[in-house]
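>>> got a predicted model here, sequence first, then my questions.
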Amino acid sequence: MSNDVFAGLDWAVHTHAVCIIDAAGAVLDRFEVAHDRDGLAELKRRLLRHGPRLRIAIERPSGLIVDALVEAGHEVFPIHPNAVKASRPRYRSHGAKSDASDAYLLADLLRTDGHRWRALAQQSDDIRALRALVRSRDDLVAARVAAANQLTATLQAFWPGAACIFADVASPIGLAFLRRYPSPRSARRLTEAQLQRFCKVQHYSGRRSAEDLLSRLRAAAPGRVGEHTEQAMADVVRAHVAVLVPIVGQITDLTRRIEQFMHSLPDGLLMMSFPRAGQVCAAQILAELGDVRERFPSADLLAAEAGAVPVTYQSGKTRSVAFRWACNHRLRQAITCLADNSRHANDWARSTYQAARARGCDHTHAIRILARAWLRVIWRAWTDRKPYDPALHGGLAKLALTGGG
């Protein structure tokens, strides 16, 4: 590795600005490459002129450009955009920004403060595949929620009953109902027997009878729209349903693929061994955690990455503790989901949560405290490559001895 050469890459959608400097901070090379096949090939050639293995700073920890650099044998150091933004006043007093200047800033930060960051370690192909599946599913779930909210708002405006007849308007049976009955007029003559047959065809598994469902539909506030408006709104409902149906189907398919994949991975079985981790939540944690053990040499580093510990500000006699915003948000969401689920199946988790609530913490704060506690256990199991064993869980054993829970 060339210890006296540092590179900074300011990435963008179409072009990337690159700056290469020496140990004294002098610019050795500065150029831009396009984000295409030829551009990436040119990037590798220009970097190779300064050594076979360079240290390169970039503002993102993943993506095609990062994969290309790591596969080429370079050490890639992701630097958080907040750190880059806070460092700009060191180089210029004005507020102007350019890709070229940020590329130099990244390279120089790596030269002067490189000991503060860790180089990316390439994850296995299995983890990269799992991460692609999990993140794509998460994005589709977010799209489903947004589309379902739009559909609900549309129904509330002219037919509230259809929004509440089933628990979830975007469930398969809820969408099937709206596809068949998109307006009050279309369901005006709907009978209990017809609704019962519909539910049977759709394999409705809810506990409400057709009579109860029909009562919910009829009891809702009636819409107050004209005939032409109702027809237009029905067309809008059909459009929303047409968007939601394939999204819901793809989420189901991806969920099935993730579940199958998790059972084929040793670390997948490890992560699913935790109480109420399930398969999707365990996959979300593993996808962000990865399989490179050197990435998190301590549980504290993992907790900071997951945003499960606060940030302390102290100056003189002033001291404050604030929520940690800069973290891996996907990992935080997954680990808090595990923590929330676990308190319903694990005595130690329930006791930890209740103790936090007794100290005056609200629900979300107590869940983060429990998540922080679980991260210590997860880190140890992940580091030792051993599934969760309640018999080896010191906190659970201590709780059993004291008769708690």
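Looks like it came in fine.
>>> quick one: neighbours of R118, just the number.
As a burial measure, R118 scores 15 neighbours (other C-beta atoms under 10 Å). Quick note: C-beta positions are derived from backbone N, CA and C, even for glycine.
>>> from I335, how far out is it?
For R118, the distance to I335 equals 20 Å [C-beta to C-beta, to the nearest Å].
>>> over to T15?
T15 is 37 Å from I335, by C-beta to C-beta.
>>> H263 now?
Per C-beta to C-beta, H263 is found 21 Å from I335.
>>> these two: which is more packed in?
Higher neighbour count among H263 and I335: I335, with 30 against 11, using other C-beta under 10 Å.
>>> what's near enough to touch that one?
285, 306, 308, 371, 374-375, 378 (C-beta atoms under 8 Å, 6 or more residues apart in numbering).
>>> try 6 Å this time
By C-beta atoms under 6 Å, 6 or more residues apart in numbering, the contact set of I335 is 306, 371.
>>> then V311?
Taking C-beta under 6 Å, 6+ apart as the definition, contacts of V311 comprise 322, 324.
>>> quick one, phi psi at it?
Main-chain dihedrals, V311, degrees, to the nearest 10: phi -110, psi 130.
>>> can you name the residues bridging to it?
Per DSSP bridges, the residues bridged to V311 are A322.
>>> how far away is it from R319?
Distance from V311 to R319, counting by C-beta to C-beta: 12 Å.
>>> same deal with V27?
From V27 across to R319, the span is 42 Å (C-beta to C-beta).
>>> looking at these two, which one has more neighbours?
Per other C-beta under 10 Å, whichever of V27 and R319 has more neighbours is V27, with 13 against 9.
>>> which SS class is the residue positioned nearest the centre of the chain?
Centroid-nearest residue in the chain: R330, 2.6 Å away (criterion: C-alpha atoms, centre = their mean). Here R330 is helix, with the state taken from DSSP: H, G, I helix; E, B strand; the rest coil.
>>> where does the stretch 51-200 of the chain have low pLDDT?
93-96 (pLDDT under 70).
>>> which residue ranges form the strands in it?
All strands of the stretch 51-200 of the chain, identified by DSSP state E, counting those that start in this stretch, fall at 55-58, 75-78.
>>> deepest in the core, which of those is it.
Counting by mean count of other C-beta atoms under 10 Å, strand 55-58 has the highest mean neighbour count of those, with a mean of 25.
>>> how about the longest helix seen in the chain: buried residues?
Ranked by residue count under DSSP state H, the longest helix found in the chain is helix 227-264. Neighbour counts over helix 227-264 (16 or more other C-beta atoms under 10 Å) mark 230, 233-234, 236-237, 240-241, 243-244, 247-248, 251, 254-255, 258-259, 261-262 as buried.
>>> now that helix: average pLDDT?
For helix 227-264, mean pLDDT is 96.
>>> ditto for stretch 369-377
The model assigns stretch 369-377 a mean pLDDT of 96.
>>> what comes into contact with that stretch?
Outside stretch 369-377, the residues that touch it by C-beta under 6 Å, 6+ apart are 299, 302-303, 308, 335-336, 339, 349, 352-353, 356.
>>> kindly report the same for stretch 40-48.
Stretch 40-48 is contacted by residues 33, 54, 68, 72 when judged by C-beta under 6 Å, 6+ apart.
>>> between the two ends of stretch 115-131, how far is it?
This stretch, stretch 115-131, spans 28 Å end to end (C-alpha to C-alpha, to the nearest Å).
>>> may I see the buried residues of it?
Buried residues in stretch 115-131, defined by neighbour count with 16+ other C-beta under 10 Å: 117, 120, 123, 126-127, 130-131.
>>> also stretch 370-379?
Residues 370-379 are the ones in stretch 370-379 that count as buried (16+ other C-beta under 10 Å).
>>> tell me which entries of those residues lie within strands.
Using DSSP state E, no member of the buried residues of stretch 370-379 sits in strands.
>>> farthest pair within the residues you listed?
L370 and W379 (15.0 Å; C-beta to C-beta).
>>> do I have it right that W348 meets L396?
Yes. Taking contacts as C-beta atoms under 6 Å, W348 lies within contact range of L396: 4.1 Å.
>>> quick one: which of those two has more around it?
W348 (25 against 21).
>>> residues making contact with the host helix or strand of the more buried one?
Remark: W348 resides in helix 347-358, with elements defined by DSSP states H and E. With contact meaning C-beta under 6 Å, 6+ apart, helix 347-358 is reached by 342-343, 366, 369-370, 373, 395-396, 399, 404-405.
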